[in-house]
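Enquirer: pasted the sequence and its predicted model underneath.
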Amino acid sequence: MLLTDIAVEHTLVSKKDGVRQTFLLHPFTDTQRDSLGKFEIVRDIQEPGHKDVKRSTFVTFQQLAELYANGVLEEFGFSVRMCPGQGTYPSKLPAKKILPSNIKPGSPFDLAVQQVDVSKSATRELRTALLRTSVKL
């Protein structure tokens, strides 16, 4: 599933010939077994004495809305794995930081974000997923 309620423009410059291609990217759900139907979120982690590493985890549509409603993605520097709505992307699919302004106002995802009760704590499933990225809620 492609989440077209969120759109980010991305320009890719070819290393070979310098040709610029602009893509309109959207979050998409994974097609693998354990992460089937979930969105991948990615975070850079700095561990003392080690190289910086990227950690990712998969979240459902509702969990992604909850993360936006609580500002978790911005606070902890998460990016969301994206793919183009039209055509194919020539290299590994990028992860982009998505600001709330990139969410289409009045869209089903925007409404899901607005309906989240931010006074409640995160669900056990969401807290467990975020532990993979060294985030504790």
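Expert: Nice, thanks for sending it over.
Enquirer: if you count neighbours, what's buried in the helix or strand of the chain with the lowest mean pLDDT?
Expert: Lowest by mean pLDDT, DSSP states H and E among the helices and strands of the chain is strand 8-13, with a mean of 89. Under the neighbour-count criterion of 16 or more other CB atoms under 10 Å, strand 8-13 has residue 8 buried. Any C-beta I mention is one placed from the backbone N, CA and C, and that applies to glycine too.
Enquirer: identify all contacting residues around that strand.
Expert: By CB atoms under 8 Å, 6 or more residues apart in numbering, the residues outside strand 8-13 that reach it are 19-26, 82, 89-91, 94, 96, 98, 102.
Enquirer: partner strands of that strand, with direction?
Expert: Partner strands and pairing direction for strand 8-13 (DSSP bridges) are strand 20-27 (antiparallel).
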